[in-house]
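Colleague: Sequence first, predicted model second:
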Amino acid sequence: MSKKTWQIDRRTCLQGAGVSLALPFLDAMSRTARAKETAEPLPKRMCCILFPFGVALPKDDAPDREWGWFPTGEGENYQLTSVLQPLAQHRSRMTIFGGLSHPNCRSMNGHDTGDTWLTGNAFHGATCQNTVSMDQLAAQHLGDHTRFRSVVLSSDGGIGPRTRSTTLSYSAKGQPIPALSEPKQIFQRLFAADGSTAARSLELDNSSSVLDLVLESSRSLHGKIGRQDQVKLDEYLSSVRDVEQRVDRARDWLHTPRPHVDPSVVNLDADPQGPEEYIKAIYDLMYLALQTDSTRLLTYMIGSYGPTIARTFPTAVGLADWHGLAHGAGKEGGPEKIGRFDQFLAKNLAYFLDRLRDTPEQDGNLLDRTLVLYGSSNSRTHQNVNYPLLLAGGNKLGLKHGRYLQYGDDTPMSNLLVTMLQQMGVPVNQFADSTGPLKELLA
């Protein structure tokens, strides 16, 4: 089918006399125009956002119940507490879950479970070997449609130590994927123009893989070393393969211009010393990554369970030491203190959801086809049951929202993860220890 004159690629530039000028976003660049003509299916997207240390869980008859994270009531007749009140306008676009957790992780140290939030895996033995995270399983099936298979973010960056990881994402072999943390670095990675140096660096002989050339040698060495060294060698070879694959993908996208994004729309100077500006900048970058279709899969670890820089984030509401707030959640006045900070986090999440909702896309908006999982891997700190969890978006991905769904201990969180994967179009029947999708969540 021939392309109509009004179907302009969003990456089109005005060129002449050696000058290139990026166009602003035009209606003719929208998927609405192209999809009507080509019936191209719209993208399905997913974001997973974790905060550490758990929440306050006052009893239903407690005078400070309003500062508990979970709603009162159940089903469609639930009432939000003060903590999640900033999300009230998204009630018809979100579901809150009670009772879900990873059974495999209930006996683990409470601060180890951030590593397993998206894997459902229990660490065994000295190596603490993890398994693939749900987002990276999705990337295996959906990642080739975008320049970046996935984007991994955290406030601390990198991977951190095992059991106190600073990333939510793990490869098919259970290796942690380094997270980006600095807004300028993230912006450059997503939107910086490819230069001639980058082009030359990728003009490599791709007739054979480095690993292919040393395959026999590595097999011979593998049989001569001990178990611990075998693990280290496997990790090293896996890293080399990952680099090769990234080079191949970079080569494939090298001649496709990156979307033009005005850097002034994000506070790129924000840093964790200013929590409100920093978290907002990360959400702005996540929004831009989705809006430009640079990726369809994002993870964001607001803080890790180790000595995270995010422990100071409660200063944004006049409090100190996130970990201390969590430990004091059961004491007199404790629920209100941590509740006010959790309310601050909910306000920032609402800002992100607002941006997605307010961006039109064909017969709806970006949020309609974006799943946003938000929560923690503790209920109270150190308690690995009844994770505070909510899922927003995806109203046009076959989900039924507007309820507070409560489950017993026999329903693993992996049932929620496999439901999300299936609604994203990933052909899986099981993930981790799942026993089936959450049918109550489906329209």
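Modeller: Nice, thanks for sending it over. Numbers count the residues shown, from 1 in each chain.
Colleague: Pick out the residue nearest the middle of the chain.
Modeller: Geometric centre of the chain, nearest residue: residue 299, 1.8 Å, by Cα atoms, centre = their mean.
Colleague: Distance check, that residue against residue 167.
Modeller: Taking Cβ to Cβ, to the nearest Å as the criterion, residue 299 is separated from residue 167 by 8 Å. Where you see a C-beta, it was placed from the backbone N, CA and C, and this is true even at glycine.
Colleague: What about residue 57, how many residues nearby?
Modeller: 18 (other Cβ atoms under 10 Å).
Colleague: quick one: contacts for the nearest residue to residue 68 once chain neighbours are set aside?
Modeller: The shortest distance from residue 68 to any non-neighbouring residue, by Cβ to Cβ, 6 or more residues apart in numbering, is to residue 58 (4.8 Å). By Cβ atoms under 8 Å, 6 or more residues apart in numbering, the contact set of residue 58 is 64-65, 67-68, 335.
Colleague: about what we covered before: might you report the residue contacts of the closest residue to the residue nearest to the centre of the chain other than its chain neighbours?
Modeller: Excluding its sequence neighbours, the residue lying closest to residue 299 (Cβ to Cβ, 6+ apart) is residue 168, at 4.2 Å. Each residue near residue 168 by Cβ under 8 Å, 6+ apart is listed here: 48, 50, 114, 117-118, 133, 135, 152, 154, 179, 299-301.
Colleague: Just the closest of the contacts of residue 58 to residue 261, please.
Modeller: The closest of these to residue 261 turns out to be residue 67 (Cβ to Cβ; 38.7 Å).
Colleague: and that closest one, how far is that from residue 56?
Modeller: 6 Å.
Colleague: who's more crowded, these two?
Modeller: Between residue 67 and residue 56, counted using other Cβ under 10 Å, the more crowded position is residue 56 (29 against 24).
Colleague: correct me, but that one touches residue 338?
Modeller: Yes - when contacts are counted by Cβ atoms under 8 Å, residue 56 is listed as touching residue 338 (5.1 Å).
Colleague: Could I get the full set of helices for this protein?
Modeller: Taking DSSP state H, the helices of the chain run over residues 31-38, 134-142, 183-191, 196-201, 210-213, 215-222, 227-253, 275-291, 322-327, 334-357, 414-423.
Colleague: Among the ones you listed, show the one with the smallest mean pLDDT.
Modeller: Per-stretch mean pLDDT for the helices of the chain is lowest at helix 196-201 (a mean of 43).
Colleague: what sits against residue 263?
Modeller: 187, 191.
Colleague: ok, 10 Å please
Modeller: By Cβ atoms under 10 Å, 6 or more residues apart in numbering, residue 263 lies in contact with 183-184, 187-188, 191-192.
Colleague: just to revisit the earlier point, against residue 423, how distant is the residue nearest to residue 299?
Modeller: 20 Å.
Colleague: Same question for residue 279.
Modeller: Going from residue 279 to residue 423 by Cβ to Cβ gives 27 Å.
Colleague: Helix or strand with the lowest mean pLDDT in the protein?
Modeller: Lowest by mean pLDDT, DSSP states H and E among the helices and strands of the chain is strand 19-22, with a mean of 40.
Colleague: okay, residue 279 and residue 423: which has more neighbours?
Modeller: Each of residue 279 and residue 423 has its neighbours counted (other Cβ under 10 Å); residue 279 has more, 25 against 20.
Colleague: who's in contact with the nearest residue to the more buried one once chain neighbours are set aside?
Modeller: The shortest distance from residue 279 to any non-neighbouring residue, by Cβ to Cβ, 6+ apart, is to residue 348 (4.9 Å). When the contact criterion is Cβ under 10 Å, 6+ apart, the partners of residue 348 are 49, 86, 275-276, 278-280, 282-283, 302, 316.
Colleague: Make a PyMOL selection of whichever of those residues turn out to be buried.
Modeller: This is the PyMOL syntax for the buried subset of those, where burial follows 16 or more other Cβ atoms under 10 Å:
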select buried, resi 49+86+275+278+279+280+282+283+302+316
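Colleague: ok, which pair from the contacts of residue 348 is furthest apart?
Modeller: Greatest spatial distance among the contacts of residue 348 (Cβ to Cβ): 86 and 278, at 18.1 Å.
Colleague: okay, now residue 343: neighbour count?
Modeller: Counted with other Cβ under 10 Å, residue 343 comes out at 20.
Colleague: that older thread, now rank the contacts of residue 263 by neighbours and give me the top one.
Modeller: So for these (other Cβ under 10 Å), the most neighbours sit at residue 183, 23 neighbours.
Colleague: wait, that residue sits on residue 286?
Modeller: No - counting by Cβ atoms under 10 Å, residue 183 stays clear of residue 286, with 11.1 Å between them.
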